[in-house]
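> Test case, fold it:
(2 chains)
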There are 2 protein chains.
Amino acid sequence: VIRTLVKDLSPLVGSRVEINGFVEFTRNQKRMQFVIVRDITGSVQAVYDRKTGESGISEAIEELTVGSAVRLTGNLVKNVDVKLGGLELQIEMLSVLGRAESPLPITHDSSLELQMDWRYISLRSPENLLIFKVQTIMEGAMREFWTKHDFIEIHSPKLMGTASESGGELFTLPYFGGTAFLAQSPQFYKQMAMAAGFERVFEIGPVFRANPSFTSRHDTEFTSVDMEISWIDSHEDVMRMEETWLSFVIGRVAAAYGDEIKELFGVTLTVPTTPFPRIPLSEARSILEAQGHYISHKEDLDPEGERRLAKYIADSLGHEFVFVTDYPAEVRAFYHMRYDDRPEITKSFDLLWKGLEITTGAQREHRLERLQAQAVAKGYALEPLRDYFSFFKFGCPPHGGAGIGLTRLLMTMLERRNVREVTYLYRGPNRLNP
Amino acid sequence: VIRTLVKDLSPLVGSRVEINGFVEFTRNQKRMQFVIVRDITGSVQAVYDRKTGESGISEAIEELTVGSAVRLTGNLVKNVDVKLGGLELQIEMLSVLGRAESPLPITHDSSLELQMDWRYISLRSPENLLIFKVQTIMEGAMREFWTKHDFIEIHSPKLMGTASESGGELFTLPYFGGTAFLAQSPQFYKQMAMAAGFERVFEIGPVFRANPSFTSRHDTEFTSVDMEISWIDSHEDVMRMEETWLSFVIGRVAAAYGDEIKELFGVTLTVPTTPFPRIPLSEARSILEAQGHYISHKEDLDPEGERRLAKYIADSLGHEFVFVTDYPAEVRAFYHMRYDDRPEITKSFDLLWKGLEITTGAQREHRLERLQAQAVAKGYALEPLRDYFSFFKFGCPPHGGAGIGLTRLLMTMLERRNVREVTYLYRGPNRLNP
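This is a model prediction of the structure:
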């Protein structure tokens, strides 16, 4: 007998099957004993009639603890009274492969902090398993799209010799008598790939931020999804690539798990049409002003502004996404390219989904003199950026790209409220374990 | 006119095309001017007849520097005298999008250290580009296999609160008034996924080793490829999974780049048949002893032993791979499971390819008491391993897995001699830049 997954049981009624999983529940009646076992695909009821009289099985079931890893073998029968798929496994053999201490230290109602302490038990719930199944299919679809479109995968170093783009929130560590920094983003290294002629690259990997915040959206380590493409004419090329990519990715997730997402999270996953709406920040500002919500000319949208704009777009265009473009240079990184005829405006964008910013992107300034001038104007010292500037010295094509936080994307997609829920093992200022 | 990749030019003879790429070479004759331009797919010759007399083109070509990023438009014609595909682009427009300073700071003959200093220029060579194209298709195939077989992708944290498996070679960093460690492997966290009921997981991500070595095979950061599966009966299940996976992956690489690998590296990529040969370490030792090469009973194979064994397997079985199994407990990690009837032998394996060890794998000990006893016997303090041990307290299925270094695999596949060649940006004790 080979192990069968619970989801594949149904056609096997009448045969002998083996089930491997965790004990979810047991009930010992005078004559009948019931065990519910769950594997990654679902739960099934197993039953033992004490009258069968096999040696030891009845006692083993009596001693079963919730959470134990077990292997059951027996005849699979139809039983219309059973809620779990109308199936029942009549136990003939039972092995406890990994016994759980009793009781489990957490329940579904335990606090989030306790869930984090016992993360591996918390992750056993169908909702939490679904999050990581969705993550898997989502990343798979991302890479499938990129590979089809001739992107090269890179693994840029996380140990750096100089501080990267933003000086703050940087982790430093002793490094063979010197100092190293942990990468806050692969930004400079994905741009290096453009100078290296890779043309199109992607990377999914960890980034580190020494951010002391304890909010529901901050962490000190997260998975960053980055892409960069060469030979573009403007940030419009980046937006076109990103919307096509996201639409493909969400389509794949919806096809694989749309129903389960609806069932477990109550969220209807809509596959967005392309092109996504685009709106320059100045226009967005006017729309919000007309609603009585004012945003200064040198500022980014605030969360309330993002929500209002998303509602406006949803109401007027029926779309969950909107690219906000053309941010003023004041609120963007020094390496964002600016319009030749409007040097105060960058060729940049943010992407909002359901009113939350999920991406920042731009065409990059690849002309060394302008790039250095923009850095100086922002108050950067040139020396720490020497390696970065060098990437533009010996021929660099025009390029641009975007970055997106994997957990931010998952949170928005599944409408979870806390980054801790969608991170395998969350890291924060006072959370380094388990 | 839309940009065409060099590899797609051939059917477009007679039409106007646009090429984007780096200047590889220029020659200015009295009447004719030649420019060779390369993009990621190949090189093409472009030509300008000064008699054409377009304003500025002739001068722009005169000033072109090698390495510059250019965009050319013109008529594509057949020219049997041209080596590069018998094609020639008759220049009608030329834009220098990113000018290279002249001369380039390195040539193909520059030292490896200099190549590292100017990594992005070094990466422009067809050989180096091929390495990362191969890496991309290789990882894509790995994930395709895993996804087909219901694996879940995880991103385990690289910031840890306690030292992981081996205490040595650990990077530490200040962390909000405390101390954090950089992960040396996702070992403990992929095992945690088994306790969480993920059943099968994979991860491709960075790991960090504070190793002061300067050899051709050591680095302080590399990409680790890890997988772990539940509900196994022994390490044989892990080997079966790994050989099927590797055979699939190598097949995909051979199909996509076998010819180019042969052409640029002189390496014939053979898709291995399954099952791979297996040999217990004790038998391998006897074979080597018969050749006069002695290995102590408490030691792993030495590099010379690995090479001899590989030759023996190649000669006798015609296979490039061999699993060496059943290592003595002395030379394996404390968490490797041991045979019930031979507690001095672990249910473990190494995988050799072309005489180089590329994987270590095993069934893990998931029974807490034995696991702790094995740790104690190896001299570990239990307290730092508290979180790890906890994973086995509340029900953990039997499981096992393997890990493989991405660069080690690429080196072996492409027969490169130095890990620096197959790493996007190598990190070593005195190399943190660029």
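> So A:His235 sits against A:Phe349, correct?
Yes: the criterion here is CB atoms under 8 Å, and A:His235 meets it with A:Phe349 at 5.8 Å. Backbone N, C-alpha and C define where each C-beta goes, glycine included.
> so what sits against both of those two?
By the contact definition CB atoms under 8 Å, 6 or more residues apart in numbering or on different chains, A:His235 and A:Phe349 are jointly contacted by A:Thr325, A:Gly361, A:Ala362.
> ok, now which ones touch the last one?
With contacts defined as CB under 8 Å, 6+ apart, the neighbours of A:Ala362 are A:235, A:238, A:332-333, A:335-337, A:346-349, A:400-402.
> so what's it closest to, chain neighbours aside?
In this structure, A:Ala362 finds its nearest non-sequential neighbour in A:Ser348, 3.7 Å apart by CB to CB, 6 or more residues apart in numbering or on different chains.
> close enough to count as contact, the one you found and A:Thr325?
Yes: with contacts counted by CB under 8 Å, A:Ser348 reaches A:Thr325, the gap being 7.0 Å.
> Now the common contact residues for the two.
By CB under 8 Å, 6+ apart, the residues touching both A:Ser348 and A:Thr325 are A:His235.
> immediately after the host helix or strand of A:Phe349, which helix or strand?
Assigned by DSSP states H and E, A:Phe349 belongs to strand A:348-353. Next helix or strand after strand A:348-353 toward the C-terminus (DSSP H and E): strand A:356-363.
> could you point out which element follows that following strand?
Next along from strand A:356-363, by DSSP H and E: helix A:368-377.
> following that next one, which helix or strand shows up next?
Using DSSP H and E, the helix or strand that follows helix A:368-377 in sequence is helix A:386-390.
> what bits of the stretch 151-300 of chain A have low per-residue confidence?
For the stretch 151-300 of chain A, the stretches with pLDDT under 70 are A:164-167.
> So the helix or strand encompassing A:Glu18, near chain B or not?
Using DSSP H and E, A:Glu18 maps to strand A:16-28. Yes: contact of strand A:16-28 with chain B (CB under 8 Å from any CB of the partner chain) involves A:Asn20, A:Gly21, A:Phe22, A:Val23.
> and that strand, which residues are buried?
A:Val17, A:Ile19, A:Asn20, A:Gly21, A:Phe22, A:Val23, A:Glu24, A:Thr26 (16 or more other CB atoms under 10 Å in any protein chain shown).
> If I take whichever helix or strand comes after it and strand A:16-28, what angle do their directions form?
Next in sequence after strand A:16-28, counting helices and strands by DSSP H and E, comes strand A:32-39. Orientation check (axes from the mean of the first three to the mean of the last three CA atoms, to 10 degrees): strand A:32-39 against strand A:16-28 gives 120 degrees.
> Now the contacts of A:Ala362 in CSV, please, with extra columns for secondary structure and neighbour count.
CSV is the format used below for the contacts of A:Ala362 (DSSP: H, G, I helix; E, B strand; the rest coil; neighbours: other CB atoms under 10 Å in any protein chain shown):
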residue, secondary structure, neighbour count
A:His235, helix, 24
A:Val238, helix, 26
A:Arg332, coil, 21
A:Ala333, coil, 18
A:Tyr335, coil, 23
A:His336, strand, 23
A:Met337, coil, 24
A:Thr346, strand, 28
A:Lys347, coil, 26
A:Ser348, strand, 27
A:Phe349, strand, 28
A:Gly400, strand, 30
A:Gly401, strand, 28
A:Ala402, strand, 24
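> Of those residues, which is the nearest to B:Val422?
B:Val422 has its nearest neighbour among the contacts of A:Ala362 in A:Gly401, at 24.2 Å by CB to CB.
> which SS state does the closest residue to that closest one other than its chain neighbours fall under?
Closest residue in space to A:Gly401, ignoring its immediate chain neighbours: A:Glu228 at 3.3 Å, by CB to CB, 6+ apart. Following DSSP: H, G, I helix; E, B strand; the rest coil, we place A:Glu228 in the strand state.
> is A:Glu228 in a bridge, and if so with what?
A:Val201, A:Gly401 (DSSP bridges).
> still on that earlier bit, just the buried residues of strand A:16-28 now: which is nearest B:Lys7?
The closest of those, once distances to B:Lys7 are taken by CB to CB, is A:Asn20, at 48.8 Å.
> what's that closest one in contact with, if anything?
A:Arg3, A:Asp39, A:Ala69, A:Val70, A:Arg71, A:Leu72, A:Leu97, B:Ser230, B:Trp231, B:Pro397.
> any chance of these in a markdown table, with neighbour count, secondary structure and distance to A:Tyr388 too?
Listed next are these as a markdown table, based on neighbours: other CB atoms under 10 Å in any protein chain shown; DSSP: H, G, I helix; E, B strand; the rest coil; distance: CB to CB, whole Å:
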| residue | neighbour count | secondary structure | distance to A:Tyr388 |
| --- | --- | --- | --- |
| A:Arg3 | 14 | strand | 53 |
| A:Asp39 | 21 | strand | 49 |
| A:Ala69 | 27 | strand | 50 |
| A:Val70 | 24 | strand | 56 |
| A:Arg71 | 18 | strand | 56 |
| A:Leu72 | 23 | strand | 59 |
| A:Leu97 | 18 | strand | 53 |
| B:Ser230 | 28 | strand | 45 |
| B:Trp231 | 19 | coil | 49 |
| B:Pro397 | 23 | coil | 48 |
